[in-house]
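Q: my questions are about this predicted structure, shown below with the sequence.
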Amino acid sequence: MTDKDPYADIEIIDTDNIQFGQQEKEFNHQSLVMLAYQKSIDALMKEMIEGFWQEKRDKLGNQLYVYNPDTRKSAIESIKTLKNLMIADITGTPQKKIVDNLITEDKTLYETHLKEQNSWINKLPRAAKTALVVKYNLFSSLDLNEKLPFYHYYINSSVEIYRKLFEALENCLAEKKYFKRKKIIA
């Protein structure tokens, strides 16, 4: 009997790294930033509206409920993702301080609206407060409730703060000449 491994001539290929017609995938920070940057632009180009349920009917007449997402939240989250991806890129730049100040401004804005909400709830008569807790499921005084106007005042203002944050990130990208322009030959 021989000690030769019968599987020694077989090469195992990782199918996750195969791209047909291309070489193996590689981690590319610049392409991830570009993808997040494009997603942020797409999210900011939409009208900033609150999420809502829409009633539709299919071809058979069955009633369907479709949720249209809150575009304000989508815009904010896409810019947060871009900032998280670029954290190493903005370190040591003038935009880092601007970004930090805007994030602090957003946290302060949240805390201000939370205090206003809690103050308003505490001023209500006991019966009205109980009805509000039952109707809107108000269990926590630590979060803004999406059903009350304080949340919407906050989120609308927060979108504007994150637009400024996006501008600061874009300035950082331009300063570092991050995305190269294609040369057009006429």
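A: Yep, it's here. Numbering: from 1, shown residues only.
Q: contact partners for residue 172?
A: Contacts of residue 172 were listed using CB atoms under 8 Å, 6 or more residues apart in numbering, and they are 86, 89-90, 93, 95, 178. Where you see a C-beta, it was placed from the backbone N, CA and C, and this is true even at glycine.
Q: quick one, grab the pLDDT at it.
A: We have a pLDDT of 88 for residue 172.
Q: and what about it, helix, strand or coil?
A: helix (DSSP: H, G, I helix; E, B strand; the rest coil).
Q: state the number of residues packed around the residue nearest to it when sequence neighbours are not counted.
A: Beyond its immediate neighbours in the sequence, the residue positioned closest to residue 172 (CB to CB, 6 or more residues apart in numbering) is residue 95, lying 4.2 Å away. Applying the criterion other CB atoms under 10 Å, we find 22 residues in the vicinity of residue 95.
Q: quick check: buried residues in the strand or helix carrying residue 95?
A: When secondary structure is defined by DSSP states H and E, residue 95 falls within helix 94-123. Within helix 94-123, the residues that count as buried by 16 or more other CB atoms under 10 Å are 95, 98-99, 102, 106, 109-110, 113-114, 116-117, 121.
Q: give me the buried entries from the contacts of residue 172.
A: Of the members of the contacts of residue 172, the ones counted as buried by neighbours, 16+ other CB under 10 Å, are 86, 89-90, 93, 95.
Q: where does the protein dip in pLDDT?
A: Counting by pLDDT under 70, the chain contains low-confidence residues at 1-27, 139, 179-186.
Q: so how far is residue 70 from the residue nearest the centre of the chain?
A: Centre of the chain computed as the mean C-alpha position; nearest residue by CA atoms, centre = their mean is residue 77, 1.5 Å away. Plainly put, residue 77 is 10 Å away from residue 70 if you go by CB to CB, to the nearest Å.
Q: would you map the strands across this protein?
A: Per DSSP state E, the chain has strands spanning 52-57, 63-68. These are given in chain order.
Q: correct me, but residue 113 touches residue 144?
A: Yes - at 6.0 Å, residue 113 counts as touching residue 144 under the criterion of CB atoms under 8 Å.
Q: now the common contact residues for the two.
A: Each of 150-151, 154 lies in contact with both residue 113 and residue 144 under the rule CB under 8 Å, 6+ apart.
Q: now those as a markdown table including distance to residue 55 and neighbour count?
A: Below are those laid out as a markdown table (distance: CB to CB, whole Å; neighbours: other CB atoms under 10 Å):
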| residue | distance to residue 55 | neighbour count |
| --- | --- | --- |
| 150 | 28 | 21 |
| 151 | 24 | 18 |
| 154 | 29 | 20 |
